[in-house]
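Q: Sharing a model prediction with you, sequence too.
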There are 2 protein chains.
Amino acid sequence: MAPNGENPSETLRRMGRPATRGRQEILRILAESRLPLSPRDIRDRFPEPKPDAATVYRNLALLSTLGLVRSVALHERSRRYEATGEGTHRHRVVCRACGRIEAFPAKKCDLSRIEEDIRRLGFTVTGHSLEFFGKCPDCRGKERSR
Amino acid sequence: MAPNGENPSETLRRMGRPATRGRQEILRILAESRLPLSPRDIRDRFPEPKPDAATVYRNLALLSTLGLVRSVALHERSRRYEATGEGTHRHRVVCRACGRIEAFPAKKCDLSRIEEDIRRLGFTVTGHSLEFFGKCPDCRGKERSR
DNA sequence: GCTCCTGTTGCAACTTTTTTGCGTCTGCAA
DNA sequence: TTGCAGACGCAAAAAAGTTGCAACAGGAGC
């Protein structure tokens, strides 16, 4: 998804958009996070001076249309974002009891048969989003001991 | 997901919660809709007198914990809900250009291999959510004719 | 270096979405 | 009939996201 071999700043410049501090920080923060983050989480992790929330939203929107960032829906109040890039396509499990989120690389992510069905409907498929819901080991333990 | 052979009102009563008008209407509205609906959509489709928005939210929360309704994340501003029940497990394609949503039954929804990986992590898997993003036939057409 | 132009940012106000508190009402059980 | 729990409406608030505007920053051209 992320343009070949190019680093994010280059992609930005290629699109005629400067790689400002705010944008670079967002990309760094997301790249360093194990989990997708909400706009608020992202702002919280900014070193001082923190940007305005509006700026974070605007930059996320931009980075997202450039494909440097993507939103992940974990059925919460707010959206979360993650950095795109080599080997970053992931699927996630969310524990319905405690909210814990685990990621696992989508190594053999074979949804091609399904995508094929969709293409037959005339759609172009550019991406997908797959999340699992269940109960994490800890919460299963608590359940049993009641 | 929906308890065997039981109808929604029975499930509600079994859980000690009355099947009030509001709850029955929500279930009917969702069952009749081709697409998942937002709380606002749902309220709009209520016959007069329309319930308060808070009531709709509260009932959706209840129905959702009872498993009669489930939320669908289509990466929009608000959540959407759909009725659960026999043969209603669906996957969806969302057109990134016009927002059009198409559903297709998840007939050969074989994610069992992935679920197996998750179980190996100690999780119980109770459900999943899979959405595709792309471009619908109409928008592809427009694209080309530019 | 200075000027112009474009795009970015902060700030404040605002909209939309979702949640909460509270008083009233309803239906069932004692 | 009385009491109680849960459901509902209403109002207020919290949370999330958006927009308009003025100030500002950085590169292109002089």
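A: Arrived safely, thanks for sending. Residues are numbered from 1 along each chain as shown, chains lettered A, B, ... in the order given.
Q: mean confidence for the helix or strand containing residue A:40?
A: Assigning secondary structure by DSSP states H and E places residue A:40 in helix A:39-44. What helix A:39-44 shows for mean pLDDT is 95.
Q: Show me what secondary structure element comes after it.
A: Counting by DSSP H and E, the next helix or strand C-terminal to helix A:39-44 is helix A:53-65.
Q: Return the alpha-carbon coordinates of the next helix-or-strand element following that following helix using CSV.
A: Sequence-wise, the next helix or strand downstream of helix A:53-65 (DSSP H and E) is strand A:69-72. What follows is strand A:69-72, C-alpha atoms only, in CSV (Å, rounded to 0.1, in the frame of the first residue of the first chain):
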residue,chain,number,x,y,z
VAL,A,69,-2.1,6.1,7.4
ARG,A,70,-5.2,4.0,7.5
SER,A,71,-8.1,3.9,9.9
VAL,A,72,-9.0,0.9,11.8
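Q: which other helices and strands contact strand A:69-72?
A: Packing partners of strand A:69-72 (3 or more Cβ pairs under 8 Å, 6 or more residues apart in numbering or on different chains; DSSP states H and E): helix A:21-32, helix A:53-65, strand A:80-83, strand A:124-135. For every residue, glycine as well, the C-beta is placed using N, CA and C.
Q: Not counting it itself, show me its contacts.
A: Residues from elsewhere that reach strand A:69-72 (Cβ atoms under 8 Å, 6 or more residues apart in numbering or on different chains): A:1, A:26-27, A:30, A:36, A:60, A:63-64, A:79-84, A:92, A:127, A:129, A:131, B:75.
Q: Also stretch A:21-40?
A: A:8-9, A:12, A:17, A:42, A:45-47, A:51, A:53, A:55-57, A:59-60, A:62-63, A:68-69, A:71-72, A:74, A:76, A:78-83, A:85, A:92, A:101, A:103.
Q: any idea which of the helices and strands packed on strand A:69-72 is most buried?
A: Ranked by mean neighbour count, the helices and strands packed on strand A:69-72 are led by strand A:80-83 with a mean of 22 (mean count of other Cβ atoms under 10 Å in any protein chain shown).
Q: In chain A, which residue sits closest to DNA strand D?
A: Here chain A gets closest to DNA strand D at one residue, residue A:54, 3.2 Å apart by Cβ to the nearest atom of the strand.
Q: returning to that earlier point: which of the contacts of stretch A:21-40 come close to DNA strand C?
A: With Cβ under 7 Å from any atom of the strand as the criterion, the members of the contacts of stretch A:21-40 in contact with DNA strand C are A:17, A:51, A:55, A:59, A:62.
Q: and the two most separated of these?
A: For those, the farthest-apart pair by Cβ to Cβ is A:17 and A:51; their separation is 16.0 Å.
Q: who's more crowded, those two?
A: Comparing residue A:17 with residue A:51 by other Cβ atoms under 10 Å in any protein chain shown, the one with more neighbours is residue A:51, at 17 against 14.
Q: backbone phi and psi for the more buried one, please?
A: The phi/psi pair for residue A:51 (degrees, to the nearest 10) reads phi -70, psi 160.
Q: Surely it is in contact with residue A:45?
A: No. Using Cβ atoms under 8 Å, residue A:51 is not in contact with residue A:45, being 11.4 Å away.
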